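Undergrad: I'll drop the sequence and a predicted model, then ask my questions.
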Amino acid sequence: MNGTENQKDYLQPHSYTNDNFPQGIKVLSILTYVGSGLQILGSVFNYFMSAYSVKQLEKMKDIEKQPAMRGVSSFFKWSADATLKQYEHRLVLVLVSVSCAVLCIYGALQMRKLKKQGLVIYSIGEIIFPLVTLLLVGFWSAVFGLVVAVLFIILYVIQRKQFTS
């Protein structure tokens, strides 16, 4: 008898052992950590690259004038407008994006501890950035973020029966 059967796993912040910890929460929280990390990196990258994107608009206008591109000129106009709006609001967008990603990480950490408040914190962090993007940049720039936010909130809500406090 080596005594390993009765050892407590101090890395687990709750009463579950690794074998019966809710898999849904485990998978969703890992996806949240990865997605939030990529959101932080992407928003900082976009902050620094937005000036370059605005400079490239002149080249895009030249491409738009080509006869083969006449059918997609409305897309070019929308894209140019969105790029200019992102440049104008780049500081607000990066600050809100990083703040929301941190809220999502904190909320996911709380949900890994099986706390109900984590779902509220996570949901706030997940919804704010797409709404700010919707208001500052436009609908089509926020659609993907809104869809992903709603999807993950629904997936976490399905897991809420696992929360203890």
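TA: Looks like it came in fine.
Undergrad: Which residue comes closest to residue 155 once chain neighbours are left out?
TA: What sits nearest to residue 155 in space, not counting adjacent residues and going by Cβ to Cβ, 6 or more residues apart in numbering, is residue 28, at 5.7 Å. For the C-beta atoms, the positions are set from N, CA and C on the backbone; glycine is no exception.
Undergrad: State the distance from the one you found to residue 58.
TA: 44 Å (Cβ to Cβ, to the nearest Å).
Undergrad: Specify which residue of those two has the higher count of neighbours.
TA: Comparing residue 28 with residue 58 by other Cβ atoms under 10 Å, the one with more neighbours is residue 28, at 20 against 9.
Undergrad: which ones are touching the more buried one?
TA: Neighbour list for residue 28: 108, 111, 152, 155-156, 159 [criterion: Cβ atoms under 8 Å, 6 or more residues apart in numbering].
Undergrad: Narrow these to those in helices?
TA: In helices, judged by DSSP state H, the following of the contacts of residue 28 are found: 108, 111, 152, 155-156.
Undergrad: Just give me the closest of those residues to residue 165.
TA: For the ones in helices among the contacts of residue 28, the minimum distance to residue 165 (Cβ to Cβ) is 11.3 Å, reached by residue 111.
Undergrad: Helices along this protein, start to end?
TA: Using DSSP H, helices in the chain cover 23-55, 57-64, 73-88, 90-112, 117-136, 139-158.
Undergrad: where does the chain have its least confident helix or strand?
TA: helix 57-64 (a mean of 73; mean pLDDT, DSSP states H and E).
Undergrad: returning to that earlier point: of the helices of the chain, which is nearest residue 165?
TA: helix 117-136 (8.3 Å).
Undergrad: Let me have the ones in helices among the contacts of residue 28 in CSV, adding neighbour count, pLDDT and distance to residue 140 as columns.
TA: Formatted as CSV, the ones in helices among the contacts of residue 28 follow (neighbours: other Cβ atoms under 10 Å; pLDDT from 0 to 100; distance: Cβ to Cβ, whole Å):
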residue, neighbour count, pLDDT, distance to residue 140
108, 25, 95, 28
111, 25, 93, 31
152, 19, 96, 21
155, 14, 94, 24
156, 23, 94, 26
